[in-house]
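Colleague: Here is my input; please provide its structure:
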Amino acid sequence: MTRYVGLLRGIAPSNPAMRNANLRRVAEGVGLRDVRTVISSGNLVFDADAEAADIEERLEAAWPEQLGFASTSIVRSRAEVERLVAADPFAGLEHGPASYLLVTFLKDPSRAAEPPAAAPDGAAFRLLGAAHGAVFSVTDTTGRAVDVMSWLEKVYGTGISSRTWRTVLRLRDALR
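Modeller: Coordinates of the predicted model:
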């Protein structure tokens, strides 16, 4: 049995179909065990005897069938999340009013081995790098507004799901 986190893309808690109780019910229905949600934005923690890719496939098939929406579902094991946190990609930086620390998980973790694309000239964000199936960026919220999420999607496609560093730390704690 492996402990996993499921990162669901595009979850809006204000949409009744996307509420935590519904997400847990569907996850349990596809065979996941001890399913818990972490905050209200598409984060599941659960146990399963299956491989991550199989779980992703089952979840992605279940969302439209049972709740009427599509959602990219990215699954990472507890060990993978622990390695990512241990790498400390934001060493010395703080998430706060002036800087936004973002982890963008890639559905295909091997893409993190590709050299990261350069941020556009004059962008108020910078890429710190990519590793452990994720891309790490910092946005200066006091600078010129650039939609980092749209840019990440343009570069890496729709097979991504982003979380703040604070949320990643909360997910790591929930996996323990």
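Colleague: domain ranges for the chain?
Modeller: What the record gives for the chain is the domain set 2-77, 80-175, from automatic domain parsing.
Colleague: burial of residue 12, as a residue count?
Modeller: For residue 12, the tally of surrounding residues (other CB atoms under 10 Å) stands at 12. For every residue, glycine as well, the C-beta is placed using N, CA and C.
Colleague: Contacts only, for the closest residue to residue 142 other than its chain neighbours.
Modeller: With CB to CB, 6 or more residues apart in numbering as the measure, residue 98 is the residue that lies nearest to residue 142, at 5.4 Å, once sequence neighbours are left out. Each residue near residue 98 by CB atoms under 8 Å, 6 or more residues apart in numbering is listed here: 140, 141, 142.
Colleague: Then residue 89?
Modeller: By CB under 8 Å, 6+ apart, the contact set of residue 89 is 103, 128, 129, 131, 136.
Colleague: at 10 Å what do you get?
Modeller: Residue 89 makes contact with 101, 103, 128-132, 134-138, 165, 168, according to CB atoms under 10 Å, 6 or more residues apart in numbering.
Colleague: For these, could you give me TSV that also reports pLDDT and distance to residue 79?
Modeller: Compiled in TSV, the contacts of residue 89 are given as follows (pLDDT from 0 to 100; distance: CB to CB, whole Å):
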residue	pLDDT	distance to residue 79
101	95	22
103	96	17
128	89	22
129	88	21
130	90	19
131	90	15
132	92	10
134	96	14
135	94	20
136	94	19
137	92	24
138	92	26
165	96	19
168	97	14
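Colleague: Could you find which two of those are furthest from each other?
Modeller: By the measure CB to CB, 132 and 138 form the most distant pair in the contacts of residue 89, at 17.0 Å.
Colleague: The protein: helices as residue ranges?
Modeller: Using DSSP state H, the helices found in the chain span residues 20-29, 52-62, 78-87, 148-156, 165-175.
Colleague: Turn these into JSON lines, including mean neighbour count.
Modeller: Supplementary listing: the helices of the chain in JSON lines, determined by neighbours: other CB atoms under 10 Å:
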{"stretch": "helix 20-29", "mean neighbour count": "17"}
{"stretch": "helix 52-62", "mean neighbour count": "17"}
{"stretch": "helix 78-87", "mean neighbour count": "16"}
{"stretch": "helix 148-156", "mean neighbour count": "16"}
{"stretch": "helix 165-175", "mean neighbour count": "18"}
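Colleague: what's the least confident stretch among those?
Modeller: Per-stretch mean pLDDT for these is lowest at helix 148-156 (a mean of 87).
Colleague: And the helices of the chain: which comes nearest residue 2?
Modeller: helix 78-87 (7.3 Å).
Colleague: got the angle for that closest one vs helix 165-175?
Modeller: For the pair helix 78-87 and helix 165-175, the angle between their directions (axes from the mean of the first three to the mean of the last three CA atoms, to 10 degrees) equals 140 degrees.
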